[in-house]
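[1] Here is my input, please return the structure:
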Amino acid sequence: MPVSNIQQLHNDPNWDARVDLAATFRWTARLNMHEGVANHFSLAVSDDGSQFLVNPHGRHFSRVCASELLLVDANDPDTMSRPDAPEPTAWFIHGAVHRNVPHARCALHVHPKYATVLATLADPIIPPIDQNTMRFHNRLAVDPEFGGLGLAEEGERISTMIGDKQILVMGNHGVMVVADTLAEAFDLLYYFERSCETLITAYSTGRPLKPVSDDIAELTAQQWAQYKDGPINHLREIKAILDTEEPEYRT
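    Predicted coordinates:
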């Protein structure tokens, strides 16, 4: 992009949001939680939550830059007629989420290895077997159905399954994480995938699991919720590393 255009975008009131979102795309690629040029993240930037940033069609997560994120409106029926229209499932899933889920200012949808394995199990609940898994105790929404690719009707259906939760295990599909901020959503996604990795690894031993009591699991989940600065620090450090190693994400 020409320097003059980048300078103009720096005057965009959403520039900081663009930079933060670009950083999470880059870091998700480093963690190998993406899938080809599929999957999508979105972040609302308007007060009513209808206008949101989303990744451009066909761009690999590892190459996303702040300036190329698309600004779309969940209530604009002509979005897919734009010359720079987003990938169809990105539009239909995230548009529906931003229309229908008030607490979803940020929505992260990916098919990471271990969360997707969990989504293929008949019982996709995570038992509280370590302090990471305890973070999600009784805090998951589970969609037991799969209606094909996330196009118009499926995108709307998916959005109705989130309820008041922040994590949606999408049966036979992947995971959706929603939160009021990008930092919180990304931190949840990171720890959810780590929790799934621990659980699937424990299952693979063939030995009985040792979950803690419901009381201890609930206590630990509440303690997790008290670490308000954890997600903020997590995102800050991700950007600090990228500023040294991949500073072009800010362009």
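[2] Could you pull out the strands in this protein for me?
    All strands of the chain, identified by DSSP state E, fall at 40-44, 51-54, 70-73, 106-110, 140-143, 167-170, 174-179.
[3] If we go by neighbour counts, what in the third one is buried?
    Across strand 70-73, burial judged by 16 or more other Cβ atoms under 10 Å covers Leu70, Val72. To be clear about C-beta, it is placed using only N, CA and C from the backbone, and glycine gets the same treatment.
[4] what comes into contact with it?
    14, 45, 50-56, 79, 84, 86, 91, 95 (Cβ atoms under 8 Å, 6 or more residues apart in numbering).
[5] Kindly report the same for the fifth one.
    Contacts to strand 140-143, defined as Cβ under 8 Å, 6+ apart, come from residues 124-126, 158, 161-163, 165, 167-171, 173.
[6] and with 10 Å instead?
    For strand 140-143, contacts defined as Cβ atoms under 10 Å, 6 or more residues apart in numbering pick out 118-119, 123-126, 157-158, 160-173, 175-176, 178, 192.
[7] How far off centre is that strand?
    15 Å (Cα atoms, centre = their mean, to the nearest Å).
[8] Over to the first one?
    Taking Cα atoms, centre = their mean, the mean C-alpha location of strand 40-44 is offset from the chain mean by 8 Å.
[9] average pLDDT across that strand?
    Averaged across strand 40-44, pLDDT comes to 98.
[10] Within the sheet, what are the partner strands of that strand, with directions?
    Counting by DSSP bridges, the strands paired with strand 40-44 are strand 51-54 (antiparallel), strand 106-110 (antiparallel).
[11] Buried deepest among those, which one?
    strand 106-110 (a mean of 26; mean count of other Cβ atoms under 10 Å).
[12] Please name the spatially closest residue to Gln51 (chain neighbours excluded).
    Excluding its sequence neighbours, the residue lying closest to Gln51 (Cβ to Cβ, 6 or more residues apart in numbering) is Asp73, at 5.1 Å.
[13] any idea how far the one you found is from Asn11?
    21 Å (Cβ to Cβ, to the nearest Å).
[14] Over to Arg139?
    40 Å.
[15] Looking at the two, which one has more neighbours?
    Neighbour tally, Arg139 and Asn11, criterion other Cβ atoms under 10 Å: the higher count belongs to Arg139, 18 against 7.
[16] wouldn't the more buried one be in contact with Ala225 here?
    Yes. Counting by Cβ atoms under 10 Å, Arg139 touches Ala225, with 9.5 Å between them.
[17] circling back to that earlier point, the contacts of strand 140-143 in helices, which ones?
    If you go by DSSP state H, the contacts of strand 140-143 have Leu118, Ala119, Arg157, Ile158, Thr160, Phe192 in helices.
[18] what about the spatially most central residue of the chain, distance to Ser204?
    Closest residue to the average C-alpha location of the chain: Leu108 at 1.8 Å, with Cα atoms, centre = their mean. As defined by Cβ to Cβ, Leu108 lies at a distance of 26 Å from Ser204.
[19] Tell me who's in contact with His34.
    Phe25, Thr28, His40, Phe41, His60, Phe61, Ser62, Val110, His111, Pro112.
[20] first vs last residue of stretch 11-19, how far apart are they?
    End-to-end distance of stretch 11-19 (Cα to Cα, to the nearest Å): 13 Å.
[21] can you pull out the helices in the stretch 151-251 of the chain?
    Along the stretch 151-251 of the chain, the stretches classed as helices by DSSP state H, counting those that start in this stretch are 152-160, 182-204, 214-225, 229-245.
[22] on contacts alone, who are the packing partners of the third one?
    This points to helix 214-225. helix 131-134, helix 182-204 (3 or more Cβ pairs under 10 Å, 6 or more residues apart in numbering; DSSP states H and E).
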